[in-house]
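S.K.: please find the sequence and the predicted model below.
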Amino acid sequence: MPARRTRLSPSAVRTELADSLAALRRDLELPESFPPEVRAEAVAVSAGPAVDGSDPDRTDLRDVDFLTIDPEGSRDLDQAMHIARDGDGFVVRYAIADLAAFVRPGGAIDDEARRRGQTLYAPDGSVPLHPEELSHGAASLLAGEDRRAYVWTFVLDARAAVRSPASIERAWVRSRRQWTYREAQAAFDGGSAPVTIALLGVVGPLLVAQEAERGGASLNTPEEEVVDGPAGYELRRRVPLPIEEWNAQISLLTGMAAAARMLAAGRGVLRTLSPADEDALAQFRRKVELLGRPWDDSVPYGEYLRRLDADDPVTAAVLQAATALFRGADYAVFLSGAEVPEHAAQAAIGAPYAHVTAPLRRLVDRFALRACLGDVDVEALPALPETMRRSSALASRLENGAVDRVEAAVLHAGDVHDAVVLSEAKGGVRVQIAEPFVTATADGAAPAGARVRVRVVATDIAAGTVSLAVVGAEHDEDGA
């Protein structure tokens with residue numbers, strides 16, 4: 001059990017947390033920098049023509065008013081979009097950063113990227129997939145800069161259904177502005193948004209409705225956001241803005257188009273998720289019945305999840321139970337039509353799907369984008385699933401370890417907090433504290449969905465552990 005301790009000053013907490021996060025990086029053997037030969041190659045390719053000779057064949061789309069929408073402070077900008085009216089429908093152009101133009105197969109950047117697999121994120125900084133000369137520079141779709149991109153074009157009808165198969169081409173693009181999610185949402189809500197953002201607010205909800213029709217489901221759970229403020233790290237509950245979901249729907253539209261293209265060609269790599277089996281569905285049904293939020297047999301589970309009230313404290317417990325329905329996501333490579341996986345669809349999306357929209361941050365996307373244009377690396381593709389599994393496991397260990405340490409830093413022994421019980425857990429119950437937004441295990445017993453009070457018994461920042469105890473119902477004033 002973590003030891004009791006005297007409450008530390010904010011500066012002491014920050015120092016201890018920084019040391020603990022640094023130790024976590026060492027324990028996970030995360031690289032601190034790129035080898036000199038990788039940086040040198042990145043500098044060289046950033047300043048020259050495309051390494052694959054693709055520049056002369058690129059379409060010039062620099063007159064299209066692309067824009068980007070990303071979290072505040074982002075520099076690794078993978079996607080830019082443009083949406084216009086087309087009669088009673090829409091034309092959506094989605095530009096994706098063209099990493100293949102900068103990465104020589106078998107070169108230093110390629111070898112290092114295959115070792116890393118994906119960008120890793122932690123409160124004290126990221127471990128990027130590519131050197132910043134590319135990810136924050138020449139390959140990033142930064143505003144006001146001429147950039148190489150794969151551009152997908154979708155012609156949609158009035159319901160935002162695809163009228164004809166999407167096209168993809170390599171092009172030159174220039175984003176006009178980098179928007180944050182908050183800026184874009186405020187502009188949309190205030191009626192001052194440019195055409196692309198205004199139409200995103202039309203197309204996005206239509207695509208959400210199509211997802212429901214396909215039987216797709218999304219877990220729009222509040223995020224545990226780590227914020228580095230003047231007083232130190234804080235944990236906050238962050239509910240995604242509507243424009244984030246609409247933006248994600250354009251990415252999903254692109255991933256489905258990429259999967260369809262590769263399946264038609266008989267070669268590529270898919271992101272897969274098998275449907276939840278009957279036992280998992282039955283168990284979920286029993287849990288939500290006990291939580292007092294029964295699932296009507298006539299409603300698909302995706303629609304049931306979409307109807308949940310985000311302000312209902314029991315919703316957190318329902319979503320926790322629903323995670324069992326979304327396990328088993330993987331990648332599947334096929335080099336002929338006979339090798340297409342039995343479950344080609346991604347069950348949460350309700351259609352075949354591929355990762356193609358984040359090549360700056362995820363290795364598999366670069367190869368999938370190439371495959372969409374018939375450039376299939378038959379030697380590299382088979383190794384991608386294992387690389388992505390390994391890097392995803394490392395990403396989870398880093399994220400969980402970092403959040404555990406921040407939770408230990410923001411909680412203080414002796415304090416009592418309001419919480420909601422998510423589920424039973426070994427040795428107690430899994431609870432979600434309202435403020436700070438912490439999810440942890442507490443000693444004691446209470447039914448899932450119950451609103452309780454928990455006392456912080458002890459914390460250990462270095463180990464990233466906290467000890468909590470259920471001490472009463474939420475309405476108890478003293479927590480006794």
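M.R.: Okay, I see it. Because the structure is a prediction, the values reported are computed rather than measured.
S.K.: quick check, residue 140 in contact with residue 80.
M.R.: No. Counting by C-beta atoms under 8 Å, residue 140 sits too far from residue 80 to count as a contact (10.2 Å). Every residue, glycine included, has its C-beta placed from N, CA and C.
S.K.: quick one, which of those two is more surrounded?
M.R.: Shown here are residue 140 and residue 80; by other C-beta atoms under 10 Å, residue 80 has more neighbours (30 against 22).
S.K.: bridged to the more buried one, which residues?
M.R.: Per DSSP bridges, the residues bridged to residue 80 are residue 95.
S.K.: longest helix in the protein, please.
M.R.: What stands out as the longest helix in the chain, according to DSSP state H, is helix 384-410.
S.K.: after it comes which helix or strand?
M.R.: On the C-terminal side of helix 384-410, the nearest following helix or strand under DSSP states H and E is strand 416-425.
S.K.: identify the residues contacting that following strand?
M.R.: Contact with strand 416-425 is made by 313-314, 316-317, 320-321, 429-435, 438-439, 441-442, 446-456, 471, 474, 478-479, as judged by C-beta atoms under 8 Å, 6 or more residues apart in numbering.
S.K.: narrow those to those that are buried.
M.R.: Among the contacts of strand 416-425, those classed as buried by 16 or more other C-beta atoms under 10 Å are 313-314, 316-317, 320-321, 429-433, 438-439, 441-442, 446, 448-456, 471, 474, 479.
S.K.: and these, which of them are in strands?
M.R.: 429-433, 438-439, 441-442, 451-456, 471 (DSSP state E).
S.K.: residue 262: which of the residues you listed is nearest?
M.R.: The nearest member of these to residue 262, counting by C-beta to C-beta, is residue 439 at 37.4 Å.
S.K.: pairing partners for the closest residue to residue 156 other than its chain neighbours in the sheet, please.
M.R.: Sequence neighbours aside, residue 90 is the residue nearest to residue 156 in space, at 4.5 Å (criterion: C-beta to C-beta, 6 or more residues apart in numbering). Counting by DSSP bridges, residue 90 is bridged to residue 85, residue 156.
S.K.: for the stretch 51-200 of the chain, which segments count as helices?
M.R.: 108-116, 132-133, 181-190, 195-214 (DSSP state H, counting those that start in this stretch).
S.K.: which residues does the last one contact?
M.R.: Which is helix 195-214. 65, 67, 69, 81-85, 90, 92, 156, 159-161, 179, 184, 187-188, 193, 218, 242-243, 245-247, 249-250, 252-253, 300, 302-303, 306, 349-351.
S.K.: just the buried residues from the residues you listed, in ChimeraX please.
M.R.: A single ChimeraX command selects the buried members of the contacts of helix 195-214 (16+ other C-beta under 10 Å):
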select :65,67,69,81,82,83,90,92,156,160,179,184,187,188,193,218,242,243,245,246,247,249,250,252,253,300,302,303,306,349,350,351
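S.K.: where does the prediction get shaky in the stretch 151-300 of the chain?
M.R.: When residues are selected by pLDDT under 70, those of the stretch 151-300 of the chain lie in 219-222, 230-231.
S.K.: show me where it has strands.
M.R.: When assigned using DSSP state E, counting those that start in this stretch, the strands of the stretch 151-300 of the chain occupy the ranges 167-180, 223-229, 232-238, 268-272.
S.K.: so which of these comes closest to residue 102?
M.R.: Here strand 167-180 is closest among the strands of the stretch 151-300 of the chain (C-beta to C-beta), at 12.8 Å.
S.K.: ok so, going back, hey, which of the strands of the stretch 151-300 of the chain is tucked in deepest?
M.R.: strand 268-272 (a mean of 25; mean count of other C-beta atoms under 10 Å).
S.K.: and the contacts of it?
M.R.: 255, 258-259, 261-263, 329-334, 341, 343-346, 352-355, 364, 367-368, 371-372, 376, 381, 384-385.
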